[in-house]
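Engineer: Sequence unavailable; structure follows:
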């Protein structure tokens, strides 16, 4: 009997953990500082004179959090990313729903791209918008690519139909 | 059966206490009408209250009376054996019950006529000629107020506060672009929902100058409780002065502290969401701050508009109104002070 | 003490295959529940339709009417098979039941094949817009019920074929006709609302 | 074995019959036996106990909300936590307590009152309970993993849509509704077929007890109202999991359409909760006034009228959404008309008490409490029916006061009265009358202390569902009174539980008919055996238990070696044929597990609908597969 209860507790625990992350609503961001250049991940470890101090691991604090993905979606429209990248399909700017990224597709690389900006028109948002909002936008961009759990990713916004979830399917070529 | 009398006295006392408590503070009260609309509704309310209150007392007396009558029935032996009414009792009681039902139907008919009549009266108060048209948009947890000119173009944009001239009918065009809100200033009129994909209209009019508080009445998310709007009714000339001031763009600051404050405003994320006419800040996501200094409250009137509250709000919006959509920007204290002075100077 | 009065019921049959059987009433109530759900879906579709003057919205091509109209014929004919099987069930006539159920199943599958062909001709997905959503809702919910009942009839058919047609199974065959009649009858208003509704409403404007 | 009925001298081998019945209707032993029980007393009791646990949980949530609202700018609960708690409170009370407890009482009492041995579809009954339990577990799994719904118990889109409620919160709510409406529809179908087809011989339509009439009407309302919530919750679920546009305002859907469909179910739902309570009051009044309720045809017709009009007044929930004026006037009239049907019934009960000799049992106390509170709730309801007044008080604390008056006053008070009335029948023990009176007065005072001030709060402009309020609006003092009242109600609830647990063990022994009541459930022993009656009673009058003993008639000739019941015709209940009910079976539990996997899975991945349906098919195959043992031999 005790083994059965232990396994059921284990099942309940892991059910608990997965959905706790998706459902958390910590409205108080921390830290609230602006993202400065030093934070971003370097493209390569080669440095004149060798590494001085180990590079701070930049991890996405909002991975698979439903609330922060929807905040990222709002900020994606408020800071007018939609102006250049449309809803992931790309207009002036490159599309954001793709496998090959010019400057790296890992969360740290996308964070670095947003903080520093990139040639050919990507502005540097580093000292403009707070760091936690950049991470929310990074999480939303990855949810466009399906790299966030589907239970945390909204299936559609309340806007017209050109949203990433459908583009992703069309990019996959499934629907008619 | 003395407790019956005591219970009845207790109920009457409670009703009287309730009537007294109504009028106590009437900051946002439906029974303290200011305009003709809320006046009609308040009259209808008191008519319903006294008529239905009387009916309630009568029914309660009838119900409690059944306990005080030891033997009953007209010429019938005790019920324990026959469980059957004598035809005499049966006929009398059915007459009483039929009478009560007919009275109920008549009273309900009177109530229907009164309420539909008031409804028609309310709709006639609208559709008047020299009315002022204001567009009110509910956005998650604040109100955007846009004054329309005669050719329905937007002249003045402000937030969380509606100034109206006393005695003049005002048409509110209510719309929303996110969730369903509900515009409700009890002293002026009932509530009307703001629904995406739909434009609802409501007519209000204030007969006495004053500041009338209203609140969003349809649950709209985390900060539904702090979506407060003030309707400031003032004399027509004061309103005209306010309106002309609102038309002016913000004057360029002369004082060096103000200039430093404006520079801090321009350099940070404020410009992405807020607009100050007369400067190149033109963000449309947040409230228009051109005449921020003249407003009564901050963050949809969650806190009064004082420099101290403004400082607390800018430093950490999530402590004043947890869950709202204002960004938390880390400003060092050297920048904060001039920014507050600059914003408060935008009268 | 006088004799307490008794009603002797031992002479009554131990089961009855007719519309007096409780199971028959249960199926009728199931049909009422499903019918109410489809009525609300049709009302919702007409509500959404009346809010727009351009229907279907640009980019969606209105479904052809030929295939669904053709599909109606096998659907209605399959009722004959059901009626035949339910009458045979009353008389415990195994051959009649087998023929009735077989006819019902064959026509049901014909209807289903025509419907699948109709689905390929639709050029909008259920995620395109409200028009696509409501249309696919009708088709999906009716098909789910339809397939469920075809499988149920198939199981009854196999039971009768392998000889296990006791009173309970015969009652099942008789009572299953109620749900089948319902599925056929409910498809007609949906067919009219979906394929003819928008054009009928345009003519009134 | 207690003697359930008087001995019938002219029937041979009575002892043999009783031992046969004991064996055929015995419940299985052990866990598998417990899971596969299909007798109506067991399943009815499970519904009632689970629903009462949900009442206590909902009560705790209410206390948490009241503590948060006790003083202005309180920080006891954060905004998000408060939203979760008020939504879970509403959802638990409406879907997991009110409807299931009325169904539980119906499943327990209807077969007894109709003089039969079990409900029409025993295994469907078991399946219904497991689905209800699945709903309870799924919602509270969501609550404890942070995915508690936080968008209000009627989940208006676009707030409950995919963009404004991230994560799986609305999905948990919508899928919990799929669970509970499945169980409600199962129960409604059984109750209708049991009442229409399995009544005691002689119980023609004008001899059906009033409680059974109210259940028949409630079940038909469930059958025609629940599909609306099936459609509404499926709209939300498919919009959130596969991205359809049922209620997306910018792609053709309409948020108001969701409101129409939801409230087309919503208003009949509150009558589904309230009409069985009218049945309880009729039964208690006729037992304690010692005469059958005055104006039987008036009562039945007004309940039927109540059932029909309830479907015609849902728009009074949407007066503030800017619908056209004429439409709203129609719904004002229909909303006020329904006051007539409730009024007629109140007058008939008062007339019964007026012309009877009321004996003040605790149950009758609760009936008087019901009349006092429900009639006031009816008055505020009439106020809310008028459009101009509703514009002022809609979505405020006035509405909260109104629906607590009609739901707690109208349904929970008669429910407590019913429990005091039928506890002796269910357990064989009497509940303590003295503690019962204390319990009534504490609940009555606590209730009025909590909810009457809320009328004033509503008129002073306090909107609904606000997690806090500033000090300058003057709601603080009245909110404190309400919070104090809420704790008094909690004390009343605890007193009730004490009375229940104490009386189960040490209450006075209750005979077959402690209240000398008139309906058939008092003909058998307390608690009734699994087979209810040795010989099914026949109904010779509207109050069969008040007929002198020698004129009572019984049904003989049913076989006792299998679970046989008598099927009678619809109008005059003439015996038509015998019907063999299935025995205990584990398959409803297995099918319920399969259905739960389908529902829970389809929230996370829509393909579960297909794979889950195959599991359900296997469960149903086992359920309906004809067993050789149960084959009914064709004897003459």
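Structural biologist: Everything's here; your move. Quick caveat: nothing in here was measured; it's all calculated off a predicted structure.
Engineer: Please make it C-alpha for all contacts and neighbour counts, starting now.
Structural biologist: Will do.
Engineer: mind listing the helices for chain C?
Structural biologist: With DSSP state H as the criterion, chain C has helices at C:22-50, C:66-90, C:94-120, C:130-161, C:167-191, C:197-204.
Engineer: and the longest helix for chain B?
Structural biologist: The longest helix of chain B (DSSP H) is helix B:87-125.
Engineer: Please identify the residues of the stretch 151-300 of chain B in proximity to chain D?
Structural biologist: Counting by C-alpha under 8 Å from any C-alpha of the partner chain, the stretch 151-300 of chain B comes close to chain D at B:178-180, B:186, B:189-197, B:200-201, B:215-226.
Engineer: Sort out which of these are in strands and list them.
Structural biologist: Counting by DSSP state E, the part of those found in strands is B:192-194, B:200-201, B:215.
Engineer: Including pLDDT, could the residues you listed go into JSON lines?
Structural biologist: Shown next, in JSON lines, are those (pLDDT from 0 to 100):
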{"residue": "B:192", "pLDDT": "95"}
{"residue": "B:193", "pLDDT": "95"}
{"residue": "B:194", "pLDDT": "95"}
{"residue": "B:200", "pLDDT": "94"}
{"residue": "B:201", "pLDDT": "92"}
{"residue": "B:215", "pLDDT": "94"}
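Engineer: Going by neighbour count, which of those residues comes out on top?
Structural biologist: Counting neighbours by other C-alpha atoms under 10 Å in any protein chain shown, residue B:194 comes out on top of those with 30 neighbours.
Engineer: Could you pull up the residues touching that one?
Structural biologist: B:137-138, B:174-176, B:180-183, B:200, D:321 (C-alpha atoms under 8 Å, 6 or more residues apart in numbering or on different chains).
Engineer: Repeat the analysis, applying 7 Å as the threshold.
Structural biologist: Contacts for residue B:194 (C-alpha atoms under 7 Å, 6 or more residues apart in numbering or on different chains) come out as B:138, B:174-176, B:180-182, B:200.
Engineer: Please produce TSV containing the residues you listed, extended by distance to residue B:91.
Structural biologist: As requested, the contacts of residue B:194 are exported to TSV (distance: C-alpha to C-alpha, whole Å):
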residue	distance to residue B:91
B:138	61
B:174	58
B:175	60
B:176	61
B:180	55
B:181	55
B:182	53
B:200	55
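Engineer: of the residues you listed, list those near chain C.
Structural biologist: Of the residues in these, proximity to chain C by C-alpha under 7 Å from any C-alpha of the partner chain holds for none.
Engineer: Out of those residues, grab the one that's most surrounded.
Structural biologist: Neighbour tally across the contacts of residue B:194 (other C-alpha under 10 Å): the maximum, 32 neighbours, falls on residue B:181.
Engineer: which residues in the stretch 201-347 of chain B form helices?
Structural biologist: B:236-247, B:256-267, B:270-273, B:307-315, B:317-320, B:333-345 (DSSP state H, counting those that start in this stretch).
Engineer: Of all these, which one is nearest residue C:65?
Structural biologist: Nearest of these to residue C:65, taken as C-alpha to C-alpha: helix B:270-273 at 51.4 Å.
Engineer: at contact distance from chain A, anything in that closest one?
Structural biologist: Yes: legend: contact between helix B:270-273 and chain A by C-alpha under 7 Å from any C-alpha is shown at residue B:272.
Engineer: residues making contact with that helix?
Structural biologist: Defining contact as C-alpha under 7 Å, 6+ apart, one finds that helix B:270-273 is touched by A:79, B:281-286.
Engineer: need the contact list for the closest residue in space to residue A:157 that isn't next to it in sequence.
Structural biologist: Among residues not flanking residue A:157 along the chain, residue D:163 sits closest, at 5.0 Å (C-alpha to C-alpha, 6 or more residues apart in numbering or on different chains). Contacts for residue D:163 were tallied using C-alpha under 7 Å, 6+ apart; they are A:70, A:154, A:156-158.
Engineer: hmm, who's touching stretch B:320-339?
Structural biologist: Applying C-alpha under 7 Å, 6+ apart, the contact partners of stretch B:320-339 are A:27, A:32-34, A:130, B:222-223, B:257-258, B:260-262, B:264-265, B:313, B:315-318.
Engineer: let's see 8 Å
Structural biologist: For stretch B:320-339, contacts defined as C-alpha under 8 Å, 6+ apart pick out A:27-29, A:32-34, A:129-130, A:133, B:141, B:222-223, B:226, B:257-258, B:260-262, B:264-265, B:268-269, B:299, B:302-303, B:311-318, D:79.
Engineer: same deal with stretch D:297-312?
Structural biologist: So stretch D:297-312 is contacted by D:210, D:213-214, D:217-218, D:221, D:264, D:267-268, D:271, D:275, D:331, D:334, D:337-338, D:341-342, D:344-345, D:348 (C-alpha under 8 Å, 6+ apart).
Engineer: Give me the distance between that stretch and the centre of its chain.
Structural biologist: Relative to its chain's centre, stretch D:297-312 lies at 18 Å (C-alpha atoms, centre = their mean, to the nearest Å).
Engineer: Could you pull out the helices in the stretch 401-550 of chain D for me?
Structural biologist: For the stretch 401-550 of chain D, helices defined by DSSP H, counting those that start in this stretch occupy the ranges D:413-427, D:433-459, D:476-506.
Engineer: what about the first one, average pLDDT?
Structural biologist: Read it as helix D:413-427. Mean pLDDT, helix D:413-427: 95.
Engineer: relative to helix D:433-459, how tilted is that helix?
Structural biologist: Per axes from the mean of the first three to the mean of the last three C-alpha atoms, to 10 degrees, the angle that helix D:413-427 makes with helix D:433-459 is 150 degrees.
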